[in-house]
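Engineer: A structural model of the following input is requested.
(chains A and B)
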Amino acid sequence: MKCSIPKGTRDFLPAEMARRNYIFDTIRQVFRSFAFEPIETPSLENLSTLMGKYGEEGDKLLFKVLNSGDFMEGVDFGQDYRKVAAQICERGLRYDLTVPFARFVVQHRDQITFPFRRYQLQPVWRADRPQKGRYREFYQCDADMIGSTSLLNELELVQMIDAVFDKLGISVTLKINNRKVLAGIAELIGAPDKLTDITTAIDKLDKISLDDVRAELRDRGLSETQITALDPVFALSGPAEEKLAQLAQLFANNAVGTRGVEELKELFGYIALVQPRCTVELDLTLARGLNYYTGAIFEVKAQGVSIGSICGGGRYDNLTGIFGMPDVSGVGISFGADRIYDVLTELDKFPPDLGQPAQVLFINFGAESMPYCIRCAAQLRSAGVSALIYPEAAKMKKQMEYANRCHVPYVVFVGENEIASQTLTVKDMATGTQTTVTPDQLLQEILHA
RNA sequence: GUGGGCGUAGUUCAGCUGGUUAGAGCGCCAGAUUGUGGAUCUGGAGGUCGUGGGUUCGAGCCCCACCUCCCACCCCA
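Structural biologist: Got it, this is the predicted structure:
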């Protein structure tokens, strides 16, 4: 039979896992250093938890799971497929980690101390068509703080982004904007209900021309005067402080916009204090599709690699409100581990010495030497050194080739002489040099290498 | 969901305007080399040419459908 895996999913070989774990370990280390605690949530959520949280597109991209048993009972299959789906699928695979986290907070509020900081490294699923940097199953690495409106949280997220990509050796640009500013702009031109249309159109400004954005706004139902009214926004220029000063004037009579500008001023003030290594920009064209963001929004792009954003996030003021716990603000970021993997691969920035199954391989010369080998291997392992006895008394060449291919740095030979003298003949596979030492000496050499 | 490209050995690919028995590099297995890997040499195994249908005396090659992977759009990590 022919075997395969579903479209957009992947197997990971040991060498890939070593690299993936390097990314996960780096991110986890940074999260912990900022006092975040881990949680996990189930792959499956009730669809009622997920539907309607990600916009119209998001609902389409949700993987829905068919009910168990006779899912056809009492269902009218003559109606619209979406209505049928709603009746025969009660659960779906999670689309991101933020919405399940909001559900988690509401459900476990009695066991959580606020402000609560959690991190979560788990796969999410989207029924998207796969392409470069886009998978149907991929890992997100989220850190969120909930129960605090302080912009110090935003600052810490910026510092974490800076720390992670600095450790990974990726040069990145962090783009920051604020949804309140975008909302202010929408109000300013008299189209507050068109906020989503305006933001998604403006979001494309780095891909398509200003005229094309205007055309798209026209298609989305904005009048010519409204589109013209956006011109001062497109005309903004200069460093963050200048843009914000210009915006503040535009928003003289607009409360939401003014609040957004104030938040950005405060955040950029903090950022100036910490001097991040990455490039930080105020990008008023940054919108982000997820419609639950209400304040700061973040997006990170790798410099010199044409792949989508590798990290994104923002503040959401009322995500828990949907689940019956209003007035709890949260802010968080999500690192896209798979895209970071692709970036590191393209830039050839992975450390070269990742993934080495065994540090020591004992060559198998037959049953007589096994008791001694077993004892020595056990001693190495209990000291934290990974050791392996070749399971068959195969030809030397085969065993050596195995060691070579698995990148085992030390190969041990045990024959009559070694057993008699309670020593090991050790070959350093990189240099080819061979020495006879006691098991203790080998241990010390490896531990201090 | 829309549009484009690809699919031949484990893998990367070649295969002429349609014409005998579909090739190469790498990898794999064995040997040269019975306590020493990477290098070299020799030999060997391995393919329903993505799947199904059609055109033809004859299809890896042409036509249709489906599938996969890749790329772009939409959207996003």
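Engineer: how many neighbours does A:S223 have?
Structural biologist: When neighbours are counted by other CB atoms under 10 Å, A:S223 registers 13. C-betas here are computed from N, CA, C, even on glycine.
Engineer: and if you look at the one 5 residues further on?
Structural biologist: Taking other CB under 10 Å as the neighbour definition, A:T228 ends up with a count of 12.
Engineer: what about it, distance to A:Q29?
Structural biologist: Computed with CB to CB, to the nearest Å, the distance linking A:T228 and A:Q29 is 50 Å.
Engineer: nearest residue to A:A191 in space, ignoring adjacent ones along the chain?
Structural biologist: The shortest distance from A:A191 to any non-neighbouring residue, by CB to CB, 6 or more residues apart in numbering, is to A:Q226 (5.4 Å).
Engineer: where's the one you found, which helix or strand?
Structural biologist: Per DSSP states H and E, A:Q226 falls inside helix A:224-229.
Engineer: other SSEs contacting that helix?
Structural biologist: helix A:210-219 (3 or more CB pairs under 8 Å, 6 or more residues apart in numbering; DSSP states H and E).
Engineer: and the helix it packs on, average pLDDT?
Structural biologist: On average, the pLDDT along helix A:210-219 is 84.
Engineer: can you classify A:F12 as helix, strand or coil?
Structural biologist: Following DSSP: H, G, I helix; E, B strand; the rest coil, we place A:F12 in the coil state.
Engineer: that one against A:A18, yeah?
Structural biologist: No - using CB atoms under 8 Å, A:F12 is not in contact with A:A18; the gap is 9.7 Å.
Engineer: neighbour count winner among these two?
Structural biologist: Neighbours per residue, other CB under 10 Å: of A:F12 and A:A18, the larger number sits with A:A18, 17 against 12.
Engineer: A:L264 contacts A:G184, correct?
Structural biologist: No - in this structure A:L264 lies outside contact range of A:G184 using CB under 8 Å: 11.3 Å.
Engineer: who has more neighbours, those two?
Structural biologist: A direct count of neighbours by other CB under 10 Å for A:L264 and A:G184 places A:L264 higher, at 27 against 23.
Engineer: helix, strand, or coil at the more buried one?
Structural biologist: A:L264 ends up helix, using three-state DSSP.
Engineer: what's around the residue in the stretch 1-150 of chain A that RNA strand B sits nearest to, how many residues?
Structural biologist: For the stretch 1-150 of chain A, the residue closest to RNA strand B is A:K132, as judged by CB to the nearest atom of the strand, at 2.8 Å. A:K132: 9 surrounding residues under other CB under 10 Å.
Engineer: host element of the residue nearest to it when sequence neighbours are not counted?
Structural biologist: Spatially, and ignoring its direct neighbours in sequence, A:K132 is nearest to A:I307 (6.8 Å; CB to CB, 6+ apart). In this structure, A:I307 sits in neither a helix nor a strand according to DSSP H and E.
Engineer: just the pLDDT for A:I307.
Structural biologist: The model's pLDDT for A:I307 equals 84.
Engineer: that one is in contact with A:R339, isn't it?
Structural biologist: Yes - using CB under 8 Å, A:I307 is in contact with A:R339, at 5.6 Å.
Engineer: for the closest residue to A:G330 other than its chain neighbours, list each beta-bridge partner.
Structural biologist: If you skip the residues right next to it in sequence, A:G330 has A:I146 as its closest partner in space, 3.6 Å away by CB to CB, 6+ apart. Counting by DSSP bridges, A:I146 forms beta bridges with A:F116, A:G330.
Engineer: could you do A:L174 as well?
Structural biologist: A:V280, A:V300.
Engineer: wait, isn't it in contact with A:M160?
Structural biologist: No - the criterion here is CB under 8 Å, and A:L174 misses it with A:M160 at 10.8 Å.
Engineer: tell me the spacing between the residue nearest to A:F251 when sequence neighbours are not counted and RNA strand B.
Structural biologist: With sequence-adjacent residues excluded and distances taken as CB to CB, 6+ apart, A:F251 is closest to A:G257, at 3.5 Å. As judged by CB to the nearest atom of the strand, to the nearest Å, A:G257 and RNA strand B stand 22 Å apart.
Engineer: pop out the phi and psi values for A:G257.
Structural biologist: Main-chain torsions, A:G257, degrees, to the nearest 10: phi -60, psi -40.
Engineer: ok, now how distant is it from A:I297?
Structural biologist: Distance of A:G257 to A:I297, given as CB to CB: 15 Å.
Engineer: enumerate every residue touching A:R91.
Structural biologist: Residues counted as contacts of A:R91 (CB atoms under 8 Å, 6 or more residues apart in numbering) are A:44-47, A:64-65, A:67.
Engineer: right, and A:G184 touches A:E262 too?
Structural biologist: No - assessed by CB under 8 Å, A:G184 is found out of contact with A:E262, at 11.2 Å.
Engineer: all helices of the stretch 151-300 of chain A, in order?
Structural biologist: Counting by DSSP state H, counting those that start in this stretch, one finds helices in the stretch 151-300 of chain A at the ranges A:151-168, A:179-188, A:195-202, A:210-219, A:224-229, A:231-234, A:240-250, A:255-274.
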